[in-house]
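Asks: Here's my sequence, what's the structure:
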Amino acid sequence: MKVLWICNLAFPEAAEQLHIEVSNKEGWVSGLMHALYSSDDAQGLELQVAFPGPEECLDEDGICVGMAQVMGREIPYYGFYEDVTCPEQHDMRTNRALEKVFALSKPDVIHCFGTEYPHALAAVQMVPDKERFLLGIQGLCGPIAESYYADLPQKVVKAKTFRDILRRDNIEKQAEKFRKRGANEEQALRMTHNITGRTAWDKEYALKCNPDAEYFSVNETLRGCFYTDTWRADSCTPHRIFVSQGDYPLKGLHYMLCAMPGILEHYPDATLVVAGNSLVSYGTWKEKLKISGYGKYLRSLIKEYGLQDRVTFKGKLTAEEMMETCLSSHVFVCCSALENSSKSLGEAMLLGMPCISADVGGLPTVMQAGEGIMYEGHRPGTEDLTGVSNRLKEAVLRMWQEDGTVYGLRAREHALRTHDREENCRQLLEVYRKIMEKGKEG
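Replies: Numbering: from 1, shown residues only. You can find the predicted model right below:
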């Protein structure tokens, strides 16, 4: 069975050959690849991988072709043209490049991971046999656009820094780009016959877009190191809060910053650690000119609440660094205004860490009653920054007043089932076989 993956990012072995940086968000691709090839059920699987390639490596057809060794196996890969700087724009050059990839790879099944980039629409438009095409939901841009402002004050939404003016990219513009991406995404969902997802929320949305599609539920396999250790209360820094990302409004870092003063009233030693790109740091005038409107707002909250010595931005972390930060923290918080299935929350749960999450999107599927503390998060069409922040504060206080270890143990039990590598590989391979058979019948 020949399966072609269409991914947003290059896997490490291919990236090395193409001399491009390996993204720290890539881990799940290579993790799933390794899990599949370690599975007894994968006999006869021939995997090929396509991804947006560096323009300087592409030929006149908009593609590049190579072969990389993974676990002693030769994996063909295809870079294809896509303007990754403008994910809201659907370019027909991507269609033509993917048509060439399909002709060269001759797969039995094509699995596109994610609906949020224009290559998903291009792929479903150009695939020779739609019965053999599987479109996988990761995030959902249409709903994201509705929640993108995440209860920010209107003056912040409309504000523009020098950087925003230069790039024409303030918060309003960013939300508009998600709306355009959502339109492409909805078109792709309407055209496909097979959809895979992992939460009750994404299933409802997918089948609302396309009631005639067949929906397959397949859980995620996470990065390997998170299966190897467990969180311990006696090894963490007391009252340290960990948020895995905060570089755009949807991730809700402003909720957490607004909650901190109330938390510090009860726990004066409380600290906050944030991973991912820092929007608030600058040491020179040149760096100051690059700050975004959202970054400027986060800086103002840190200054207003006197959090300069309470908040640490860790920058981009490897999987191992992310795990160590989880293990050394007292609670993991997912404070997003909207999320389908947070990989970071799943990884924290897998470690048995006490977790808090907003009850938005697909997160109630990821973490259920008794496995952590869920609070009422953002609701589209409302502006309730104070209310959401207060509910988040109360959730943190409750976690530390109760025995967070008990929540962590239950979370780990759930996550070990949800992210069971062998079972998820078995399910995915079964989906591939069903789709291949549908193609034969068609």
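
Asks: what's the spacing between the helix or strand of the chain at the bottom of the mean pLDDT ranking and its chain's center?
Replies: Least confident element among the helices and strands of the chain, by mean pLDDT, DSSP states H and E: helix 285-289 (a mean of 75). In terms of C-alpha atoms, centre = their mean, to the nearest Å, the centre of helix 285-289 is found 29 Å from the chain centre.

Asks: and whatever helix or strand comes next after that helix, what other elements does it pack with?
Replies: Per DSSP states H and E, the first helix or strand lying C-terminal to helix 285-289 is helix 293-304. When contacts are defined as 3 or more C-beta pairs under 8 Å, 6 or more residues apart in numbering; DSSP states H and E, helix 293-304 packs onto helix 154-158, helix 253-266. (Glycine included, C-beta is placed from N, CA and C.)

Asks: at 10 Å instead, please
Replies: If contacts are counted by 3 or more C-beta pairs under 10 Å, 6 or more residues apart in numbering; DSSP states H and E, helix 293-304 sits against helix 154-158, helix 162-167, helix 171-191, helix 253-266, strand 311-315.

Asks: Give me the angle between that helix and strand 311-315.
Replies: Between helix 293-304 and strand 311-315, the angle comes out at 150 degrees (axes from the mean of the first three to the mean of the last three C-alpha atoms, to 10 degrees).

Asks: Make sure Arg232 is actually in contact with Leu327.
Replies: Yes. With contacts counted by C-beta atoms under 10 Å, Arg232 reaches Leu327, the gap being 7.7 Å.

Asks: Name the residue in these two with the higher neighbour count.
Replies: Leu327 (18 against 13; other C-beta atoms under 10 Å).

Asks: I figured the more buried one hits Glu347, correct?
Replies: No. Using C-beta under 10 Å, Leu327 and Glu347 do not qualify as a contacting pair, with a distance of 11.1 Å.

Asks: Now the common contact residues for the two.
Replies: Listed contacts common to Leu327 and Glu347 are Met353; contacts here mean C-beta atoms under 10 Å, 6 or more residues apart in numbering.

Asks: Show me the least confident stretch of the helices and strands packed on helix 293-304, going by mean pLDDT.
Replies: The minimum mean pLDDT among those belongs to helix 162-167 (a mean of 86).

Asks: Show me the contact partners of it.
Replies: Contact with helix 162-167 is made by 160-161, 169-174, 288-296, as judged by C-beta under 10 Å, 6+ apart.

Asks: Which among these count as buried?
Replies: Neighbour counting by 16 or more other C-beta atoms under 10 Å classes 160-161, 169-172, 174, 291-296 among those as buried.

Asks: Pick out the most distant pair among the residues you listed.
Replies: The widest separation within those, taken as C-beta to C-beta, falls between Glu172 and Ile291 and amounts to 17.1 Å.

Asks: Now stretch 98-111: buried residues?
Replies: Applying 16+ other C-beta under 10 Å to stretch 98-111 flags Leu98, Glu99, Lys100, Val101, Phe102, Leu104, Ser105, Pro107, Asp108, Val109, Ile110, His111 as buried.

Asks: Tell me who's in contact with Met151.
Replies: Quick fix: residue 151 is Asp, not Met. Going by C-beta under 10 Å, 6+ apart, Asp151 touches 249, 252, 254-255, 258, 337, 377-379, 382-389.

Asks: Can you give me the distance of Ala120 to Asp420?
Replies: In this view, Ala120 and Asp420 are 27 Å apart by C-beta to C-beta, to the nearest Å.

Asks: more crowded one of these two?
Replies: When neighbours are counted by other C-beta under 10 Å, Ala120 and Asp420 differ, and Ala120 comes out ahead with 28 against 16.

Asks: Show me the chain divided up by domain.
Replies: As assigned by automatic domain parsing, the chain contains the domains 2-221+420-441, 224-418.

Asks: got the end-to-end distance for the last one?
Replies: The first residue of domain 224-418 is 14 Å away from its last residue (C-alpha to C-alpha, to the nearest Å).

Asks: now stretch 221-239
Replies: End-to-end distance for stretch 221-239, by C-alpha to C-alpha: 30 Å.

Asks: Equivalent analysis for stretch 363-380, please.
Replies: End-to-end distance of stretch 363-380 (C-alpha to C-alpha): 16 Å.

Asks: and that stretch, how far out from the chain's middle?
Replies: Computed by C-alpha atoms, centre = their mean, the chain-centroid distance of stretch 363-380 equals 17 Å.

Asks: Quick check: Val49 vs Glu116, distance?
Replies: According to C-beta to C-beta, Val49 and Glu116 sit 18 Å apart.

Asks: Could you do Gly252 as well?
Replies: The spacing between Gly252 and Glu116, counted by C-beta to C-beta, is 19 Å.

Asks: So if I had to pick from these two, which one is more boxed in?
Replies: Between Gly252 and Glu116, Gly252 has the larger neighbour count (other C-beta under 10 Å), namely 32 against 21.

Asks: my guess is that one meets Ile356, correct?
Replies: No. Counting by C-beta under 10 Å, Gly252 stays clear of Ile356, with 11.9 Å between them.

Asks: Skipping adjacent residues, who's closest to Cys258 in space?
Replies: Leaving aside its sequence neighbours, Cys258 sits nearest to Ser389 (C-beta to C-beta, 6 or more residues apart in numbering; 3.7 Å).

Asks: Equivalent analysis for Gln368, please.
Replies: Among residues not flanking Gln368 along the chain, His414 sits closest, at 6.7 Å (C-beta to C-beta, 6+ apart).

Asks: who touches that neighbour in this structure?
Replies: Applying C-beta under 10 Å, 6+ apart to His414 gives the contacts Gly346, Met349, Leu350, Val366, Met367, Gln368, Gly370, Glu371, Gly372.

Asks: Stretch 352-359: which residues count as buried?
Replies: For stretch 352-359, by 16+ other C-beta under 10 Å, it's Gly352, Met353, Pro354, Cys355, Ile356, Ser357, Ala358.

Asks: Who are the packing partners of the least confident helix or strand of the chain?
Replies: The helices and strands touching helix 285-289, judged by 3+ C-beta pairs under 10 Å, 6+ apart, are helix 162-167.

Asks: Look up phi and psi at Trp338.
Replies: Quick fix: residue 338 reads Leu, not Trp. The phi/psi pair for Leu338 (degrees, to the nearest 10) reads phi -160, psi 140.

Asks: Report how many residues lie close to it.
Replies: By other C-beta under 10 Å, 25 other residues sit near Leu338.

Asks: And for Met67, the neighbour number?
Replies: Met67 has 12 neighbours, counted by other C-beta under 10 Å.

Asks: what's the answer for Glu56, then?
Replies: 8.

Asks: If we only consider the contacts of His414, which is nearest to Arg240?
Replies: Among those, Gly372 lies closest to Arg240 (C-beta to C-beta), at 16.7 Å.

Asks: Quick check: which element contains Gly66?
Replies: Taking DSSP H and E as the definition, Gly66 sits inside strand 63-70.

Asks: That strand - contacts with which helices or strands?
Replies: Short answer (3+ C-beta pairs under 10 Å, 6+ apart): strand 63-70 packs on helix 12-18, helix 27-37, strand 46-52, strand 73-80, helix 92-105.
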